[in-house]
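In: output the structure for:
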Amino acid sequence: MGFFGKLFGNDDEPPARKLNHPSQLNVGDMITLDDSFALPPQLRGQQLRVEMVNTYEFEREHTPEWVLKGKLGDTLFMGLDDDDEVWLSFSIKLPRADVEALFDMDAFAEIFAEPGEAELTPLPLTKDSEIFAQWLGEQYYQTGFARFGYFHKKDYRNGKPSQYVENNPGEPFESYELLDSQESHAIEIEVYEGGDTDVMLTLYRPLSDIREYWPGD
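Out: Next comes the predicted model:
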């Protein structure tokens, strides 16, 4: 590039990506979250990198899931919940030992029993489970029962998941959901073929909790 090209820029270069909404995030992008004490330690003030973008497919919709990692090493999952206005949903996945530490398992089993009207109260926190304090609601009420869907390890924001078996339809699962009375906390459960089960604690937060966006390219 000559002197004037360096001085005035190269018109052939594409403009830098600008990020101002979580829906625009791609793999390699980063976000910085608010340092408010309203956020749990796994989120508060953290800088998180998008490691992967997955897709949840249901009968009439498909939605992205951003897999995030930060300096603390935790894997976090972020989605967008559109209920009159758009909210961030942050989730953490619980191993079985933590599920057993946080909930009475007999009461937890009622989530999978028809007609799907379980109520669930977390157990008193211990020294080991205190790290989940801000991820938990006081009382949960079941709002979703055995909703069928597919999970895709692929970003379909610019397309539609395949409906055909030969074209990788994704992993089938049944979804169960409970919300607290404030609709600020949720328990989300996915049961896959063979009985593999993912249990996630979800926290709903305003979009303004993302303070900065950093394009990865």
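
In: what sits against W214?
Out: Neighbouring residues of W214 by Cβ atoms under 8 Å, 6 or more residues apart in numbering: 19, 29-32, 47. All C-beta atoms are positioned from the backbone trio N, CA, C, and that covers glycine.

In: any idea what it is bridged to?
Out: M30 (DSSP bridges).

In: next: Y141.
Out: The bridge-partner assignment for Y141, based on DSSP bridges, gives E119, L179.

In: isn't it up against T121?
Out: No: the pair Y141 / T121 is not scored as a contact, 10.5 Å apart, by Cβ atoms under 8 Å.

In: so where's the chain shaky on pLDDT?
Out: Residue ranges of the chain with pLDDT under 70: 1-14, 163-165.

In: just the strands in it please.
Out: Assigned by DSSP state E, the strands in the chain fall at 30-33, 47-58, 61-69, 75-83, 85-94, 119-120, 140-152, 171-180, 185-192, 197-206, 210-214.

In: pull the residues that contact the third one.
Out: By Cβ under 8 Å, 6+ apart, the residues outside strand 61-69 that reach it are 22-23, 25, 31, 48-56, 75-80, 155-157, 160-161.

In: with only the CA atoms kept, save that strand in CSV.
Out: In CSV, the C-alpha atoms belonging to strand 61-69 read as follows (Å, rounded to 0.1, in the frame of the first residue of the first chain):
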residue,chain,number,x,y,z
GLU,A,61,-39.2,-22.1,16.4
HIS,A,62,-35.4,-22.5,16.7
THR,A,63,-33.3,-20.4,19.1
PRO,A,64,-29.5,-19.9,19.5
GLU,A,65,-27.5,-20.8,22.6
TRP,A,66,-24.1,-19.1,23.1
VAL,A,67,-21.5,-21.2,25.0
LEU,A,68,-19.3,-18.8,27.0
LYS,A,69,-16.1,-19.2,29.0
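
In: that strand pairs with which strands, and in what direction?
Out: Applying DSSP bridges, one finds strand 61-69 paired with strand 47-58 (antiparallel), strand 75-83 (antiparallel).

In: and the fifth one, by the same measure?
Out: Within its sheet, strand 85-94 is paired with strand 75-83 (antiparallel), strand 197-206 (antiparallel), according to DSSP bridges.

In: centre of the chain to the first one, how far?
Out: Read that as strand 75-83. Chain-centre distance of strand 75-83: 4 Å, with Cα atoms, centre = their mean, to the nearest Å.

In: so for that strand, what gets flagged as buried?
Out: Neighbour-count burial for strand 75-83, counted by 16 or more other Cβ atoms under 10 Å, picks out 76-80.

In: from D74, how far off is the residue lying closest to A133 once chain neighbours are set aside?
Out: Closest residue to A133 apart from its sequence neighbours, by Cβ to Cβ, 6 or more residues apart in numbering: L125 at 6.0 Å. Here L125 is placed at a distance of 19 Å from D74 (Cβ to Cβ, to the nearest Å).

In: cool, E110 as well?
Out: Counting by Cβ to Cβ - E110 and D74 are separated by 29 Å.

In: before we move on, the earlier item: in PyMOL, select just the buried ones from the contacts of W214.
Out: This is the PyMOL syntax for the buried subset of the contacts of W214, where burial follows 16+ other Cβ under 10 Å:
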select buried, resi 19+29+30+31
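
In: and the contacts of W214, which two are the farthest apart?
Out: Checked with Cβ to Cβ, the contacts of W214 reach their widest spread between L19 and Q47, with 13.9 Å between them.
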